[in-house]
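Engineer: structure for this input, please:
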Amino acid sequence: ANDSAWESERSRVTSVKPRLLITIYQNPDYYPPTVYAVRILNNYFNIHILCRNTRDPCEEWPADVTIERFGEYASMREKETANPRAKLTEYARFVARARTLVRKIHPAVIYSYDPHAFVAALIAQAGRRSTPVFFHPHELMETQHVPLTSLQTWVVKAAVLGTKWAAQVVFPEENRARIWLALAKDLREPIIVPNCPDSDYFRPPADWNDTIARRLLAREAVYVGNVGESNGHLEAIRAIARLDEPVRLRIIGSDFPEFEARMKALATDLGIGGRVSIDGWLRPAEVVARSASASLGLSLYKPVTKNLEYMGSASNKIFEYAAMGLPAVIPDRPSYRDFLGDAEWVEYVDVEDPQSIARAISSILGDRERYIAMSLAARRAFESRYNYKRVFAPALERILQLSGVRSPDQGAGIDENSLL
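Structural biologist: Residues are numbered from 1 along each chain as shown. Here you go, the predicted structure:
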């Protein structure tokens, strides 16, 4: 009887929550910040997610969140290599579906995560602009020297022109926001929401002393992220080969057979083939499990694009390392230093120089007391500054303000301390 009463009350509360429509042209399962935001927003809204039907689902969404994977399933490679007519048809159908949903569910807010989704949200309102639209792109899309025959080119142009219609623009990094808003001739202040992890996904170990001791003995550097030459993987392998002690390297990321073969060949040529593990793409829980057993984390993106240049607060993995209490080796560039400053838990390096990377690894692993201090400082930084509930608080407050929803805890405002 008690269970029935509880379910009845839960249904009543859920039924009175306003609706929020999330549009994203990718698969949201592969965008951790989107997953974290949905779990926070689900406390205030009935959420309907509209996305393309691509890449296999890998996330367990809350039971009362509706996720609509629209269209016929195909892999990302199949989507990207489809002919122009097929791409245009698919996008037109996505826009039409977004318009149908706006009319059907009457969302209090639309939250769009990329240019395709944002333009679809604007078109869906048929010029009425009656529903506030949040525009929260993760990446800076290229706008120069792009093919005029590409659907993406015209969608991005439309998103730039339509930015002024967004109720709020959100970016994970301030330089990305500055560049985009300058293109859009939009003088408003953006909200910056760094790509930090959610504390619910990164619980502390039962015993930090035991965990840190085991990690130090492991003598393993882990590199989690997109795999490729511009991401410093070859430099990381060369750095491991330069170390005086036998440190291992574990690489976890996207599966590109040709580049994987290059990495293995380089490791073999340098005589460290047995110390380099290339795990490929893994499900999130397994990534965390393997990373949490390593001694330190690497993130060595080269500044070959604006997105890779301005990664200081946009890199998921750096803050996931912090959440796990792992010291991190990161690029010595203004985007990182401006955001992280003289953080005790990071070592800055020249990502083009394997010797610089090797020195940083040796420095972290060579002093037991310093290693312990760095590990604990990393977790403290995550708990106090770099967790998603905290960094998302300004965006949440703005969403509640625009939708007229009041926080049950703080009335019209949000207390950041209550979100930690």
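Engineer: can you give me the mean pLDDT across stretch 58-69?
Structural biologist: Mean per-residue pLDDT for stretch 58-69: 94.
Engineer: buried stuff in that stretch?
Structural biologist: If you call a residue buried by 16 or more other CB atoms under 10 Å, then stretch 58-69 has these buried ones: 59, 61, 65, 67, 69. For glycine as for every other residue, the C-beta is placed from the backbone atoms N, C-alpha and C.
Engineer: surely the first one forms part of a strand?
Structural biologist: Pointing back at E59 there. No - looking at E59 with DSSP: H, G, I helix; E, B strand; the rest coil, it is coil, so not inside a strand.
Engineer: quick check, it in contact with Y36.
Structural biologist: No - taking contacts as CB atoms under 8 Å, E59 lies outside contact range of Y36: 10.8 Å.
Engineer: which residues touch V133?
Structural biologist: 109-112, 118, 121-122, 125, 165-167 (CB atoms under 8 Å, 6 or more residues apart in numbering).
Engineer: quick one: which of those residues sit in strands?
Structural biologist: Judged by DSSP state E, the subset of the contacts of V133 located in strands is 109-112.
Engineer: would CSV of these with distance to S130, pLDDT and neighbour count be doable?
Structural biologist: Below are the ones in strands among the contacts of V133 laid out as CSV (distance: CB to CB, whole Å; pLDDT from 0 to 100; neighbours: other CB atoms under 10 Å):
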residue, distance to S130, pLDDT, neighbour count
V109, 11, 96, 25
I110, 11, 97, 28
Y111, 16, 97, 29
S112, 16, 97, 28
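Engineer: spatially, which two of those residues are the most separated?
Structural biologist: Among the ones in strands among the contacts of V133, the pair separated by the greatest distance (CB to CB) is V109 and S112, at 10.2 Å.
Engineer: show me whatever sits in contact with both of these two.
Structural biologist: Common neighbours of V109 and S112 (CB under 8 Å, 6+ apart) are 133-134.
Engineer: where does this protein have low pLDDT?
Structural biologist: The chain contains residues with pLDDT under 70 at 1-15, 127-129, 407-420.
Engineer: that one: strands as residue ranges?
Structural biologist: Assigned by DSSP E, the strands in the chain fall at 19-24, 46-54, 66-74, 109-112, 133-135, 168-171, 191-192, 220-224, 248-252, 276-280, 296-298, 328-331, 346-349.
Engineer: so which of those strands gets nearest S313?
Structural biologist: Across the strands of the chain, closest to S313 is strand 191-192 (CB to CB), at 6.9 Å.
Engineer: parallel or antiparallel, which strands does the closest one pair with?
Structural biologist: In the sheet, strand 191-192 lines up against strand 168-171 (parallel) (DSSP bridges).
Engineer: nearest to Y348, out of the buried residues of stretch 58-69: which one, please.
Structural biologist: So of these, ranked by how close each gets to Y348 (CB to CB), first place is E59, at 33.0 Å.
Engineer: residues touching that closest one, list them.
Structural biologist: Counted by CB under 8 Å, 6+ apart, E59 has contacts 28-29, 35, 284.
Engineer: can you tell me how far it sits from N27?
Structural biologist: Using CB to CB, to the nearest Å, one obtains 9 Å as the distance from E59 to N27.
Engineer: and the helices in the stretch 151-300 of the chain, which stretches?
Structural biologist: Ranges of helices within the stretch 151-300 of the chain are 151-162, 174-184, 208-218, 233-242, 257-269, 284-291, based on DSSP state H, counting those that start in this stretch.
Engineer: list the buried residues of the last one.
Structural biologist: If I follow you right, that is helix 284-291. Residues of helix 284-291 classed as buried under the neighbour-count rule (16+ other CB under 10 Å) are 287-288, 290-291.
Engineer: is the nearest residue to S277 once chain neighbours are set aside in a bridge, and if so with what?
Structural biologist: Of all residues not flanking S277 in the chain, R250 sits nearest, at 4.6 Å (CB to CB, 6 or more residues apart in numbering). Beta-bridge partners recorded for R250 (DSSP bridges): V222, S277.
Engineer: neighbours around R250, how many?
Structural biologist: Close neighbours of R250, defined as other CB atoms under 10 Å, add up to 20.
Engineer: for it, give its distance to P172.
Structural biologist: If you measure R250 against P172 using CB to CB, the figure is 26 Å.
Engineer: kindly report the same for S363.
Structural biologist: For S363, the distance to P172 equals 29 Å [CB to CB].
Engineer: tell me which of the two has more neighbours.
Structural biologist: Between S363 and P172, counted using other CB under 10 Å, the more crowded position is P172 (24 against 15).
Engineer: skipping adjacent residues, who's closest to that one in space?
Structural biologist: Nearest to P172 is A314, by CB to CB, 6+ apart, at 4.1 Å.
Engineer: wait, that neighbour sits on E174?
Structural biologist: No - at 9.7 Å, A314 does not count as touching E174 under the criterion of CB under 8 Å.
Engineer: show me which of the two is the more surrounded one.
Structural biologist: More crowded of A314 and E174, by other CB under 10 Å: A314, with 27 against 18.
Engineer: stretch 40-55 spans what distance, first to last residue?
Structural biologist: 24 Å (CA to CA, to the nearest Å).
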